[in-house]
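Q: The following comprises the amino acid sequence and a computationally predicted model.
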Amino acid sequence: MKRAALIAGLAATFASAVAPAADLAIVLQDEVALRPAPRNGSRPNTVLWQGETVEVRGERLEYLQVYDYRRERGGYVRASQVRRVALQPGEAPELLAVLRFLRDRPGSEALGIGFAAAYIEAAPAEVLNGPAGTEALDALGTLAERLARRASAGASPKAAQAALSAHLDVAARHGVQFTSYERDGRMRICYDGMAFRRVLAMPSTPEQRARAALALTRPDCISGDLSPAERRRLDEWRAEVLDKVDEARLPGILKNRVLMRRAAVWSSLAYQRARQGEDSASAAERALNALAGVHKADLTEADLALYSEAAMRVSASRWAAVAPPKGVPEKGPYIVTVAEETGETCVLLADAKKGPSNPLAKRCTYGLVWTASETLNREGTALALAVQPTESWREMWIFHKAKAGWTIRVLPPASTTPNVGYAEFAGWVPGGRQMLVAREAIGGGKQTRTFELLRLDTLARVSHAAEPGTLAAFRRWQDPSWKGQTLGLR
């Protein structure tokens, strides 16, 4: 009954978008002239676009006499430029066959949506609630998603922009809804996912569920105006949607995409739970396990960038899976954190002599302080600490003992606006003057990954490389625990 109600609601949406007549026609191409007379020489009243539905009222020579209810205007169109449909049950299989073809034909999204609307109207309820209905909804969602991506990418020629705008308008008239968000200074058009939600609510194949889940959990279709509580509720829902997919039954490419999306979502939840003082270890473990399940041999060229971004997001929150140290070390400086009423966390560097009441150094932050990452060099003159200001950006704080006392410097993943990335300790160089660092980030439209040898007093770069094996200092002094835990060596 629930599935029947879902399909009935969707069918009603499309029914309201088509003309109230049994003899209809779907426009097959763009800029079809609607003429006042059945002659090529008559000046068009307007043009019709692929996927539009008009009522057929007669036939004359090579033309059909039609009426456009949206424009409240009649006229003539060439019969070869439209496809007549009666929206009867016997016609449903043929409409579905056309929809299958159009689903994989880029540029025909509006036309495919028009045929999807016709199929949903023509097919009986028992068919819509079966595998054929699920297939039609999957195709509809795929077409709407692809049209939204085309709209977000934009079109340079003026004619292409007009066609794209018309296609969006046609889809909207068939009940397909889109939302828009501003991201990175540009507008992004997103499909609201109604058809995909139906797919998840109905019996569907693993591939259909995977496509639906990936479309519904797109990170680039999340509003930047959400409050932290709203964002957490959304991410909890995204995790639930992805959990409805059995990745073990998917082909390699789809399996990888589901696991990468799952890893990114759970890394975000690890950060959000930690900010609320809740257990975040299980979320971080789920993120790490999902990323570990990705089979890199099945990554397409386009998926390589997605894999790197997912790895960076998981890296940003990976310290949530490590228990913080217990007790105070017998010798050497150590970290103490104090929660302030303002919501900040103050980091105190203490030692056995002075204790937290008279710290060697102090710095406060609104970010998450991962005390499990605390690492002291052999000389006792430098300490590294991971601090995470946002769910996808982790910095490193370097405490260093100078002649005038202890200093604190912050090393970001990159010198860009915080987006996605991490900076992490990779090893101490004996002598207390240098350290090894791994940094990876996405910013300014490009991805960077470097392994660096830095001076402790200024954090100036001594040398760097794209791979750690090409640096002699990394081959000799990289920390074993870092090598065993980092995702930078993937």
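A: It's in. All values derive from a computational prediction rather than experimental measurement.

Q: C-terminal to the secondary structure element (helix or strand) that R233 belongs to, what's the next element?
A: R233 is part of helix 228-243, with elements assigned from DSSP states H and E. Once the chain leaves helix 228-243, the next helix or strand it forms, by DSSP H and E, is helix 252-275.

Q: wouldn't A465 be in contact with T450 here?
A: Yes. Using CB atoms under 8 Å, A465 is in contact with T450, at 7.2 Å. For every residue, glycine as well, the C-beta is placed using N, CA and C.

Q: More neighbours: the two, which one.
A: Using other CB atoms under 10 Å, the more surrounded residue of A465 and T450 is T450, with 19 against 14.

Q: Now do the strands in the stretch 251-400 of the chain.
A: Taking DSSP state E, counting those that start in this stretch as the criterion, the stretch 251-400 of the chain contains strands spanning 334-339, 345-350, 361-365, 368-376, 382-390, 393-402.

Q: Switch those strands over to CSV; also include mean neighbour count and distance to R257.
A: Converted to CSV, the strands of the stretch 251-400 of the chain look like this (neighbours: other CB atoms under 10 Å; distance: least, CB to CB, whole Å):
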stretch, mean neighbour count, distance to R257
strand 334-339, 16, 38
strand 345-350, 20, 36
strand 361-365, 17, 35
strand 368-376, 20, 28
strand 382-390, 22, 24
strand 393-402, 22, 24
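
Q: Tabulate those strands (a markdown table), appending distance to D68.
A: Output for the strands of the stretch 251-400 of the chain, formatted as a markdown table (distance: least, CB to CB, whole Å):
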| stretch | distance to D68 |
| --- | --- |
| strand 334-339 | 65 |
| strand 345-350 | 63 |
| strand 361-365 | 61 |
| strand 368-376 | 58 |
| strand 382-390 | 50 |
| strand 393-402 | 52 |
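
Q: Which neighbouring elements make contact with the helix holding R233?
A: Here helix 228-243 touches helix 206-216, helix 252-275, going by 3 or more CB pairs under 8 Å, 6 or more residues apart in numbering; DSSP states H and E.

Q: Most tightly packed of the ones you listed?
A: Here the criterion is mean neighbour count by mean count of other CB atoms under 10 Å, and of those the winner is helix 252-275, at a mean of 24.

Q: Specify the angle between that helix and strand 393-402 in degrees.
A: 50 degrees (axes from the mean of the first three to the mean of the last three CA atoms, to 10 degrees).

Q: quick one: average confidence on helix 252-275?
A: Taken as a whole, helix 252-275 has a mean pLDDT of 97.

Q: if we can go back for a sec, what residues of the helix holding R233 count as buried?
A: 231-232, 234-235, 238-239, 241-242 (16 or more other CB atoms under 10 Å).

Q: Then stretch 405-414?
A: With the criterion 16+ other CB under 10 Å, stretch 405-414 contains buried residues 406, 408, 411-414.

Q: With respect to A460, which of those is nearest?
A: Sorting those by distance to A460 puts L411 at the head of the list, at 11.2 Å, by CB to CB.

Q: Check the spacing between A423 and P430 real quick.
A: Distance, A423 to P430, using CB to CB, to the nearest Å: 22 Å.

Q: So for those two, which residue has more residues nearby?
A: Between A423 and P430, A423 has the larger neighbour count (other CB under 10 Å), namely 27 against 11.

Q: is it true that that one touches P413?
A: Yes. With contact defined as CB under 8 Å, A423 counts as touching P413 (4.7 Å).

Q: which ones are touching the residue in the chain sticking out farthest from the centre?
A: Most distant from the centre of the chain: L61, at 51.9 Å, with distances by CA atoms, centre = their mean. Going by CB atoms under 8 Å, 6 or more residues apart in numbering, L61 touches P38.

Q: Let's have the buried residues of helix 228-243 in CSV, adding pLDDT and distance to A372.
A: CSV is the format used below for those (pLDDT from 0 to 100; distance: CB to CB, whole Å):
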residue, pLDDT, distance to A372
R231, 95, 25
R232, 96, 23
L234, 97, 28
D235, 97, 23
R238, 98, 27
A239, 98, 24
V241, 97, 31
L242, 97, 27
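
Q: ok, of those residues, which one's closest to V77?
A: Looking across the buried residues of helix 228-243 and measuring by CB to CB, the closest to V77 is V241, at 42.5 Å.
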